[in-house]
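Peer 1: Mind looking at a prediction? Sequence and model below.
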Amino acid sequence: MPTPNDEYESLVEKEDILVNRIETCTDTIDAVLRSLFEKDGPVHLQTVRDIVSAMHEVQIKLERELLIVRAEKRLAARHMDRKPSGLH
């Protein structure tokens, strides 16, 4: 059975992974936007909107997951701080 410390460490790891994934989304979106500026020739605006929107939706999903992990992490930390008592 995992200890409160194990649970907390697992949440820290999940948080780090999600932060990295969100940063990757931001970097990728920026790269697409930069490439549009540098591109010569016509670009289909609706296709660009669809692509950037899809990428942003992935980022939003990850940010929502990160929010939940951070809430769970805070609750786990609070639980670890409590001294054992005979009451449950």
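Peer 2: Received the coordinates, thanks.

Peer 1: Residue 51 against residue 31, yeah?
Peer 2: No. Counting by CB atoms under 8 Å, residue 31 is not a contact partner of residue 51; they are 11.8 Å apart. C-beta coordinates here come from the backbone N, C-alpha and C atoms, glycine included.

Peer 1: and the two? which has more neighbours close in?
Peer 2: Using other CB atoms under 10 Å, the more surrounded residue of residue 51 and residue 31 is residue 51, with 13 against 10.

Peer 1: How about that one, nearest residue that isn't a chain neighbour?
Peer 2: Excluding the flanking residues, the one nearest residue 51 by CB to CB, 6 or more residues apart in numbering is residue 32, at 6.8 Å.

Peer 1: For burial, what's the neighbour tally of the one you found?
Peer 2: Residue 32 has 13 nearby residues by other CB under 10 Å.

Peer 1: what comes up buried for the helix or strand where it lies?
Peer 2: For residue 32, the host element (DSSP states H and E) is helix 4-38. Under the neighbour-count criterion of 16 or more other CB atoms under 10 Å, helix 4-38 has 7-8, 11, 14-15, 18, 21-22, 25, 29 buried.

Peer 1: after it, next one along is what?
Peer 2: Scanning forward in sequence from helix 4-38 by DSSP H and E, the next helix or strand is helix 45-81.

Peer 1: quick one: residue 79 and residue 4 touch, right?
Peer 2: Yes. At 5.5 Å, residue 79 counts as touching residue 4 under the criterion of CB under 8 Å.

Peer 1: What distance do you get for residue 28 to residue 47?
Peer 2: For residue 28, the distance to residue 47 (CB to CB, to the nearest Å) stands at 16 Å.

Peer 1: Over to residue 64?
Peer 2: The spacing between residue 64 and residue 47, counted by CB to CB, is 26 Å.

Peer 1: Repeat that for residue 32.
Peer 2: From residue 32 across to residue 47, the span is 11 Å (CB to CB).

Peer 1: One more: residue 41?
Peer 2: From residue 41 across to residue 47, the span is 14 Å (CB to CB).

Peer 1: And the pLDDT at the nearest residue to residue 43 once chain neighbours are set aside?
Peer 2: Distances taken as CB to CB, 6+ apart put residue 36 closest to residue 43, at 6.2 Å, once the chain neighbours are dropped. Note on residue 36: pLDDT of 92.
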